[in-house]
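*Asks:* just need the structure, nothing else, for what follows:
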Amino acid sequence: MKEVLTVDMRTKSSDFQRVIENVEMLPLDDQMLLIEIIRQRLIQHRRSELISEIAAAREAYQTGDVRRGTVDDLLQELDT
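*Replies:* You can find the predicted model right below:
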């Protein structure tokens, strides 16, 4: 099993290196545009993750699966 993981990691590393080499072959303006596109997609991906996390937190709150209290309340509960 460890051998399979090692081969898979090498393949991913090799793929990643090929992508970098391909990007480096692009004109500078295209490289900059690609960076901006990737940056915007990462921002959107993180935004989507946050929306999901907020929805889950709201649902937990509505179903009563959360508790309120002060930091002292939390620390006291952790001590018990």
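*Asks:* what helices or strands is the helix or strand of the chain with the lowest mean pLDDT leaning on?
*Replies:* Across the helices and strands of the chain, the lowest-confidence element by mean pLDDT, DSSP states H and E is helix 2-25, at a mean of 82. Helix 2-25 makes packing contacts with helix 28-62 when contacts are defined by 3 or more C-beta pairs under 8 Å, 6 or more residues apart in numbering; DSSP states H and E. In this view, the C-beta of every residue, glycine as well, is placed from N, C-alpha and C.
*Asks:* got the confidence number for the residue positioned nearest the centre of the chain?
*Replies:* Of all residues in the chain, the one closest to the mean position by C-alpha atoms, centre = their mean is residue 46, 6.4 Å from it. At residue 46 the predicted local distance difference test score is 98.
*Asks:* number of nearby residues for residue 73?
*Replies:* Counted by other C-beta atoms under 10 Å, the residues lying close to residue 73 total 11.
*Asks:* in which helix or strand would I find it?
*Replies:* Taking DSSP states H and E as the criterion, residue 73 maps to helix 71-79.
*Asks:* residues of that helix that come out buried?
*Replies:* When neighbours are counted by 16 or more other C-beta atoms under 10 Å, no buried residue of helix 71-79 is found.
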